[in-house]
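Asks: need coordinates for the below:
(one chain, ligands or ions: 1)
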Amino acid sequence: MTKIAFIGLGNMGSGMCANLVGAGHEVTAFDLNPDAVKQAEAKGAQPAAFLREAVSGAEIVVTMLPAGKHVLEVYFGAEGVTAHAPSTATLIDCSTISVDEAREAADKAKAAGFLMVDAPVSGGTAAADAGTLTFMVGGPDAAFEAAKPFLEIMGKNVFHAGPAGNGQVAKIANNMLLGISMVGTCEAFNLAEKLGLDAQTFFNIASTASGQCWSMTSYCPAPGPVPAAPSNRDYQPGFAVAMMLKDLKLALGAAETAGANVVFGKLAEATYANLSADGFDGLDFSGVMKRVRGEI
Ligand code: NAD
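Replies: Numbering: from 1, shown residues only. Below you'll find the predicted structure:
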């Protein structure tokens, strides 16, 4: 049994924390929201009233926080993890944050004597609850090996992407491709329909032809062909426009730093930024179909 501190018990963290408890570990849970801590307690975690209390004596610290500023504050603030956890603890940040912030966090953790990985996830709340997330991990080999058994409890795929920050690189490059492919899939289905080819027939053909992609076969934005897709429940998320926009902004910021050409990434970002500005943050990201059709 390992002593684990889990910080950030929101939509994703609550299920991840419960899975660590379910695997028999001694998990102490903390969140700024006391209700989230109570819910974690109901699922078998020890509640902590303060961050320092949660991480005191921890062997593993897992964080699942909204953004980079929260991560840097939680780890390196005066009341933070590195000030109160033993330096033998392995630090696992599963939040989606910028590559630069992840590398800054890794450098600071190393300077304080800690092993740390960035381990952002692919998969939404259902995968977090089910323990079937995919983890993309950046950090030194020793940190990866120390984190891996715990990531395997929360996920079904755990990839070592390379040194610190490379987990975030994999995450944002993948999600930029997802955003681009979703817009393209919506345009293709709309074009087919406008020219008299129904969605199911086009799906039957394209899903076995060269246009095949995950956005089509697992998450079809046209209602009908993929029954579990959000398109069949009026585009309730799933993965909301606001989350896709966050990841595309991180991708564009990193592309600028790296001098990478991202013409279509920018078009996808503009598409989701427009939906967000028009009040559709809560729509599933495949709801861009409605915009392509001129319905919103
Ligand atoms: P969320 O907002 O539901 O949860 C974040 C939690 O962190 C909240 O409960 C909040 O109270 C807590 N928190 C914030 N600052 C804190 C602090 N200083 N100390 C302690 N707790 C603090 O967000 P989420 O949907 O669970 O997402 C978490 C991360 O996972 C984000 O980085 C997101 O981009 C990423 N992600 C989310 C999804 C998804 O489908 N929701 C999928 C993949 C990745």
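
Asks: helix or strand for Lys290, which one?
Replies: Here Lys290, judged by DSSP states H and E, is contained in helix 288-292.

Asks: nearest residue to Thr185 in space, please, no chain neighbours.
Replies: The shortest distance from Thr185 to any non-neighbouring residue, by Cβ to Cβ, 6 or more residues apart in numbering, is to Ser215 (4.3 Å). For every residue, glycine as well, the C-beta is placed using N, CA and C.

Asks: list the contacts for the one you found?
Replies: With contacts defined as Cβ atoms under 8 Å, 6 or more residues apart in numbering, Ser215 is in contact with 178, 181-182, 184-185, 221, 286.

Asks: scan those and report the most crowded one.
Replies: When neighbours are taken as other Cβ atoms under 10 Å, the top entry among the contacts of Ser215 is Pro221 (30 neighbours).

Asks: would you check that it makes contact with Ser286?
Replies: Yes. Counting by Cβ atoms under 8 Å, Ser286 is a contact partner of Pro221 at 3.9 Å.

Asks: any residues in contact with both of these two?
Replies: 182, 186, 215, 229, 231.

Asks: now stretch 174-193: mean pLDDT?
Replies: Average pLDDT, stretch 174-193: 98.

Asks: got it, and stretch 126-141?
Replies: 97.

Asks: quick check: buried residues in it?
Replies: 127-129, 131, 133-140 (16 or more other Cβ atoms under 10 Å).

Asks: which of the contacts of Ser215 fall within helices?
Replies: 178, 181-182, 184-185 (DSSP state H).

Asks: hey, C-alpha coordinates of stretch 282-290 in PDB?
Replies: C-alpha atoms of stretch 282-290 as PDB (Å, rounded to 0.1, in the frame of the first residue of the first chain):
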ATOM      1  CA  GLY A 282     -20.600  24.000 -23.500                       C
ATOM      2  CA  LEU A 283     -21.400  22.400 -26.800                       C
ATOM      3  CA  ASP A 284     -19.500  19.200 -27.700                       C
ATOM      4  CA  PHE A 285     -16.600  20.000 -30.100                       C
ATOM      5  CA  SER A 286     -18.300  17.900 -32.800                       C
ATOM      6  CA  GLY A 287     -21.100  20.600 -32.700                       C
ATOM      7  CA  VAL A 288     -19.000  22.500 -35.200                       C
ATOM      8  CA  MET A 289     -21.300  20.500 -37.600                       C
ATOM      9  CA  LYS A 290     -24.100  22.800 -36.700                       C
END
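
Asks: give the burial count for Phe50, as a bare number.
Replies: 11.

Asks: how close does it get to Asp31?
Replies: Shown here: Phe50 relative to Asp31, a distance of 11 Å by Cβ to Cβ, to the nearest Å.

Asks: quick one: contacts for Pro86?
Replies: 57-59.

Asks: for whatever residue of the stretch 101-250 of the chain ends up closest to the ligand, what are its contacts?
Replies: Closest approach of the stretch 101-250 of the chain to the ligand (Cβ to the nearest ligand atom) occurs at Gly124, with a separation of 3.7 Å. Gly124 sits next to 12, 237-239 when contact means Cβ under 8 Å, 6+ apart.

Asks: and with 7 Å instead?
Replies: 238-239 (Cβ atoms under 7 Å, 6 or more residues apart in numbering).

Asks: who's in contact with Ala222?
Replies: With Cβ under 7 Å, 6+ apart, Ala222 has these contacts: 189, 199, 231, 289.

Asks: same thing with Ala105?
Replies: Per Cβ under 7 Å, 6+ apart, neighbours of Ala105: 71-72, 75, 93, 116.

Asks: can you get me a residue count around Ser98?
Replies: For Ser98, using other Cβ under 10 Å, the count is 20.
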